[in-house]
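Peer 1: Coordinates for the following, if possible.
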Amino acid sequence: MSIENNIAKYREALPAGCLLIAVSKTQPEALILEAYEAGQRAFGENKAQELQKKYDVLPKDIEWHMIGHLQTNKVKYIAPFVHLIHSVDSLKLLVEINKQAQKVNRIIPCLLQLHIATEETKFGFSEEEVLTLLNSYEFKTLNNISIAGLMGMATFTDDQLKIRQEFRSLRAFFKKLKNEQLPSTVSMKELSMGMSGDYAIAVEEGSTMVRIGTAIFGARH
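Peer 2: The predicted model follows:
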C-alpha cells in the first residue's frame, strides 16, 4: 500500500477531533513529502537535531510535533518553530523551554508526559508530581510556555486489557485536572495517546492525538 492510501485509511478510521500525527523519525524527506502531498500536515519526530534539519528543507506549513524524550541542551534547536512538545517530563525541561521561547519571542505549547506504563524505561511524571508542579511558585513564573494537555505511552504488551486500563487511568486524570482550578497557562485540551499498535484502544479511551509511524511509512530507515 502507498503512503497516500495509508493516510487515507487512518483518516477514515479516526473520529472527528482526533489528530493523526505521522511519525516521520528516521524517514527520508522524500517520503515525508509524499505524505505531505497526500494532505498530511502534522508530523512527529523524536530527535531535536533531526527535526531541525527537516524543518529547514521541508514546507513551512508543516506542524512539527516533538514526541521523543527531549534533553534540555537540545531545546534550542526546535524552539523557533516547534508546534507542540509532547514529552515534557520535568520542571527543569520546562524552565529551559521557557528560556528558549523567550529568546525567540514565542509561547511554546507543551504536553506533560505521564508515566502510565509498567516499564521502567519510559519517562514521565506521576499524577502527584503533576499536581505539585502545577501548584509550584516556579511553574507560575513561566510565561513563555503553555500546557495544552497530557501525553502517555502504554506498556508494550499484547495484553489489551492492561493497555486499556493505562489509557483509561490517564483519561481519568485528564478529566480530573479539567475540573481543577488551573494556572492561566494551563488548559486540558489535548490527550496524546496511542501509536501504531494500540491507537484503536487509545481512541476508544478518548485520545485526541495518535502517533502513527511504521503503519504509514513502512519500516524505519
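Peer 1: hey, let's count contacts and neighbours off CA atoms from now on
Peer 2: Noted.
Peer 1: which strand of the chain spans the most residues?
Peer 2: strand 186-195 (DSSP state E).
Peer 1: Run through the neighbouring helices and strands of that one.
Peer 2: strand 145-152, helix 160-178, helix 199-204, strand 209-212 (3 or more C-alpha pairs under 8 Å, 6 or more residues apart in numbering; DSSP states H and E).
Peer 1: Serialize the ones you listed to CSV and add fields for mean pLDDT, mean neighbour count and distance to Lys103.
Peer 2: As requested, the helices and strands packed on strand 186-195 are exported to CSV (pLDDT from 0 to 100; neighbours: other C-alpha atoms under 10 Å; distance: least, C-alpha to C-alpha, whole Å):
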stretch, mean pLDDT, mean neighbour count, distance to Lys103
strand 145-152, 98, 24, 12
helix 160-178, 97, 17, 30
helix 199-204, 96, 19, 36
strand 209-212, 97, 24, 29
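Peer 1: would you list those in JSON lines and tack on distance to Glu96?
Peer 2: As requested, the helices and strands packed on strand 186-195 are exported to JSON lines (distance: least, C-alpha to C-alpha, whole Å):
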{"stretch": "strand 145-152", "distance to Glu96": "10"}
{"stretch": "helix 160-178", "distance to Glu96": "24"}
{"stretch": "helix 199-204", "distance to Glu96": "30"}
{"stretch": "strand 209-212", "distance to Glu96": "25"}
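Peer 1: Which parts of this structure are strands?
Peer 2: Under DSSP E, the chain gives strands at 19-23, 42-45, 63-66, 84-88, 108-114, 145-152, 186-195, 209-212.
Peer 1: Fine by me, thanks again.
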